[in-house]
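Peer 1: Mind looking at a prediction? Sequence and model below.
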Protein chains: 2
Amino acid sequence: MPTLRDVIAARPRVYRYLKPTPLYRYSGLSTLIGANVWVKHENHLPVGAFKVRGGLNLVAQLDDKERASGLFTASTGNHGQSNAYAARAHGVRATIAVPEGANPGKVAAMRGLGAEVEFHGPDFDSAREWVMAMAAAQGGRFVGPTEERLIHGVGTYALEIVEVLPEVDAIIVPVGAGSGVCATGIVAKTINPAIQVIGVQSAQAPAVQMSWACGKLVSADMNTAAEGLATRVPFENTQRIMRQYLDDFVLVDDAAIEDAVVLLLEHTHNLAEGAGAAALAAAIKLKPRLAGKNVVLVLSGGNLSMDQLRRVVGRSGSSAGAR
Amino acid sequence: MPTLRDVIAARPRVYRYLKPTPLYRYSGLSTLIGANVWVKHENHLPVGAFKVRGGLNLVAQLDDKERASGLFTASTGNHGQSNAYAARAHGVRATIAVPEGANPGKVAAMRGLGAEVEFHGPDFDSAREWVMAMAAAQGGRFVGPTEERLIHGVGTYALEIVEVLPEVDAIIVPVGAGSGVCATGIVAKTINPAIQVIGVQSAQAPAVQMSWACGKLVSADMNTAAEGLATRVPFENTQRIMRQYLDDFVLVDDAAIEDAVVLLLEHTHNLAEGAGAAALAAAIKLKPRLAGKNVVLVLSGGNLSMDQLRRVVGRSGSSAGAR
């Protein structure tokens, strides 16, 4: 199981290519929640999401054979962009499989980072199976979504939080596959077990939360518009860490997530993708419990598409004045 | 006249409270312009705009009498928030005059930063006259919009650009009162006279550009929606610096600025206010001249209101797919 020591060891590999992100207190959000509300701006990273920290830590540790044969992964989102960024930084070839019909904006972003993007199959699982076979055939390195070295790298943001705001009472973290919340739990709880670490997922894709709640792996429907939270099948390794380190794990509706995207635009002038806004939606739900506390919301990523933004902003048009 | 040495001396006063901002290259924007396009993310600063650097440098140098009597300024925007932030950081009282009917969101932001906000008069000039009289009566420190110490502090972003990207060919800077573009000119040209420094203002508020172009102070109509570019009367001190250091100064229409806000959302997932997007609008206009060069766009601020965002995003709805 990953430890704080692994996260500390990852820091030079991560900070060779990026800087710590800001942690800002917002008075408007603090008034809204009735707490001291801080936002951890992982959206300010290159590629706009926390995952790039994990990619940089993993790629830095590839051996010569892996470097030569390149890395292979499947993703339509931030995982793919993060691995593409890290591979380019280290001069390693990256092949990223996406399903046919994948979001052209994200495909362009991955190609812009120098990755070879291969369309394969009707859905994410077929793309992943294809690229795993390809990696095996070429002796390349397949990168799974919850590898420990990704968790070690991602943990550097949690360490930044605890170092800048040692008086933090609660950290709320969006959960997709779980690397962010696991890393946060390991770092925060090891340094100060009194810090509450709270996960959040969409009620429209609750597999990871349900698995955590009932203590065994269960699948669930996946209908959320927040792709960063969209996990159909939970992962054993992150579940084990979550069971040890999480204080709570809440579900919020997609509609509450969309409201939170608008509130973040309004109060922080930052664009959050659905996953990135989920922590605020959770804080609104947990308001009574958070009263007066120092609360950090992890804005895990900012990669909202223009179509998503138009829908969210249009939807909020009539009610926003009343907020 | 401010010098590079003044900017270097300002650094410890600025970096005591904030970190250098990222300078990221975006492949989508690079393709669009046909150049290597980098964005300087001043929107990632506290209060969301470059001006906070100037406020921090100025407030750090107040004498004991000024500290005790507090600072006084007039602003409906980023200047006010920046001075409020800097005053709070240094434990100094800030009084900010705004006209009646000022944007409630910005008033709330200034109050959230601990400033006393006083509504006075129907427009900005009456608010400013009132607060200058107030400062004089109380022996307080009035802070004007283009004071040299503001320029010294603001210059720290330009130094960050030249240090991170010494091969920069051109820096495009939005111009309001002119502190940003003056600081950029002083820093960039002193270090490397070959760097092109280009200002941009809205064609719907061209007073500063016209004054630069004809070599004397002239006023002009002011109808731009980009409040950060809205200057009706030019300032003598910044004009003098601009005449010495600017290579070019272009005007772009408000409609082109709104398109640029959308392009920045799409390609960088960052919210820019009109002024913050103006550099991209200028790059689109200057495309042939910039071909193949290393171009930095200063995203000077991100404080777009929700009403402005709704209008811009709605307007772009039908055409964005074609981009």
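Peer 2: Arrived safely.
Peer 1: Look up the closest residue to A:Glu42, ignoring the ones flanking it.
Peer 2: A:Phe50 (3.9 Å; CB to CB, 6 or more residues apart in numbering or on different chains). (Glycine included, C-beta is placed from N, CA and C.)
Peer 1: What distance do you get for the nearest residue to A:Leu71 once chain neighbours are set aside to chain B?
Peer 2: Nearest residue to A:Leu71, sequence neighbours excluded (CB to CB, 6+ apart): A:Arg141, at 4.8 Å. According to CB to the nearest CB, to the nearest Å, A:Arg141 stands 24 Å off from chain B.
Peer 1: For A:Leu229, give its distance to chain B.
Peer 2: A:Leu229 is 17 Å from chain B, by CB to the nearest CB.
Peer 1: got a list of what that residue touches?
Peer 2: Contact analysis of A:Leu229 by CB atoms under 8 Å, 6 or more residues apart in numbering or on different chains lists A:Pro174, A:Val175, A:Gly176, A:Gln201, A:Ser202, A:Ala205, A:Gly274, A:Ala275, A:Ala278.
Peer 1: Apply 10 Å and report the result again.
Peer 2: A:174-177, A:200-202, A:204-206, A:208-209, A:222, A:251-252, A:254, A:257, A:273-276, A:278, A:300 (CB atoms under 10 Å, 6 or more residues apart in numbering or on different chains).
Peer 1: thought the residue nearest to A:Leu71 was touching A:Asp64?
Peer 2: No: under the criterion of CB atoms under 10 Å, A:Arg141 makes no contact with A:Asp64, lying 11.5 Å away.
Peer 1: Between these two, tell me which one has more neighbours.
Peer 2: Between A:Arg141 and A:Asp64, A:Arg141 has the larger neighbour count (other CB atoms under 10 Å in any protein chain shown), namely 19 against 7.
Peer 1: Enumerate every residue touching the more buried one.
Peer 2: A:58-59, A:62-63, A:65-67, A:69-73, A:92, A:135.
Peer 1: Go again with 7 Å.
Peer 2: A:Leu62, A:Glu66, A:Ser69, A:Leu71, A:Phe72, A:Ala135 (CB atoms under 7 Å, 6 or more residues apart in numbering or on different chains).
Peer 1: State which one residue of the stretch 151-300 of chain A is found closest to chain B.
Peer 2: When scored by CB to the nearest CB, the stretch 151-300 of chain A has A:His269 as its residue closest to chain B, at 4.4 Å.
Peer 1: I'd like the distance from that residue to B:Asn303, if you could.
Peer 2: Look at A:His269 and B:Asn303: by CB to CB, to the nearest Å, they are 5 Å apart.
Peer 1: Likewise for A:Leu150?
Peer 2: To B:Asn303, A:Leu150 is 35 Å away according to CB to CB.
Peer 1: Check A:Glu129 too.
Peer 2: Distance from A:Glu129 to B:Asn303, by CB to CB: 46 Å.
Peer 1: between those two, who's got more neighbours?
Peer 2: Taking neighbours as other CB under 10 Å, A:Glu129 and B:Asn303 compare with B:Asn303 leading, 25 against 14.
Peer 1: now the helix ranked longest in chain A: mean pLDDT?
Peer 2: When chain A is parsed with DSSP state H, its longest helix is helix A:148-164. Helix A:148-164 shows a mean pLDDT of 98.
Peer 1: Can you list the buried residues in it?
Peer 2: A:148-162 (16 or more other CB atoms under 10 Å in any protein chain shown).
Peer 1: Tell me the residues of chain A that contact chain B?
Peer 2: A:19, A:22, A:24, A:27-28, A:44, A:46, A:48, A:108, A:112, A:265-266, A:269-271, A:302-304, A:306, A:309-310, A:313, A:317, A:320 (CB under 7 Å from any CB of the partner chain).
Peer 1: Which ones among the residues you listed map onto strands?
Peer 2: Members of the residues of chain A next to chain B lying in strands (criterion: DSSP state E): A:Tyr24.
Peer 1: Can you flag the buried ones in the residues of chain A next to chain B?
Peer 2: For those, buried by 16+ other CB under 10 Å: A:22, A:24, A:27-28, A:44, A:46, A:48, A:112, A:265-266, A:269-271, A:302-304, A:306, A:309-310, A:313, A:320.
Peer 1: what's A:Leu217 in contact with, if anything?
Peer 2: Counted by CB under 7 Å, 6+ apart, A:Leu217 has contacts A:Ser211, A:Pro234, A:Glu236, A:Gln239.
Peer 1: are any of the residues you listed buried, and which?
Peer 2: The neighbour-count test (16+ other CB under 10 Å) marks A:Ser211, A:Pro234, A:Gln239 as buried among those.
Peer 1: The residue nearest to A:Glu42 and A:Ala183 touch, don't they?
Peer 2: No: assessed by CB atoms under 7 Å, A:Phe50 is found out of contact with A:Ala183, at 9.0 Å.
Peer 1: Do you know the pLDDT at the closest residue to chain B within the stretch 101-250 of chain A?
Peer 2: Going by CB to the nearest CB, chain B is nearest to A:Gly112 of the stretch 101-250 of chain A, at 2.8 Å. At A:Gly112, the predicted lDDT confidence score is 92.
Peer 1: Ignoring the adjacent residues along the chain, who's closest to it?
Peer 2: Counting by CB to CB, 6+ apart, the residue nearest A:Gly112 is B:Ser27, at 2.8 Å.
Peer 1: between A:His269 and B:Asn303, what contacts are shared?
Peer 2: Listed contacts common to A:His269 and B:Asn303 are B:Gly48; contacts here mean CB under 7 Å, 6+ apart.
Peer 1: about what we covered before: give the contact list for the residue nearest to A:Glu42.
Peer 2: Counting by CB under 7 Å, 6+ apart, A:Phe50 touches A:Glu42, A:Val154, A:Tyr157, A:Gly180, A:Ser300, A:Gly301.
Peer 1: if we can go back for a sec, out of the contacts of A:Leu217, list just those in helices.
Peer 2: Those of those lying in helices (DSSP H): A:Ser211, A:Glu236, A:Gln239.
Peer 1: got these as TSV, with pLDDT columns?
Peer 2: Converted to TSV, the ones in helices among the contacts of A:Leu217 look like this (pLDDT from 0 to 100):
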residue	pLDDT
A:Ser211	95
A:Glu236	93
A:Gln239	96
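Peer 1: Surely A:Ala275 and A:Ser300 touch.
Peer 2: Yes: applying CB under 7 Å, one finds A:Ala275 in contact with A:Ser300, separated by 5.4 Å.
Peer 1: shared neighbours, the two?
Peer 2: A:Pro174, A:Gly228.
Peer 1: Look up how far A:Phe72 lies from the nearest residue to A:Ala225 once chain neighbours are set aside.
Peer 2: Counting by CB to CB, 6+ apart, A:Ala225 lies nearest to A:Asp254, which is 5.5 Å off, once chain neighbours are set aside. Distance of A:Asp254 to A:Phe72, given as CB to CB: 32 Å.
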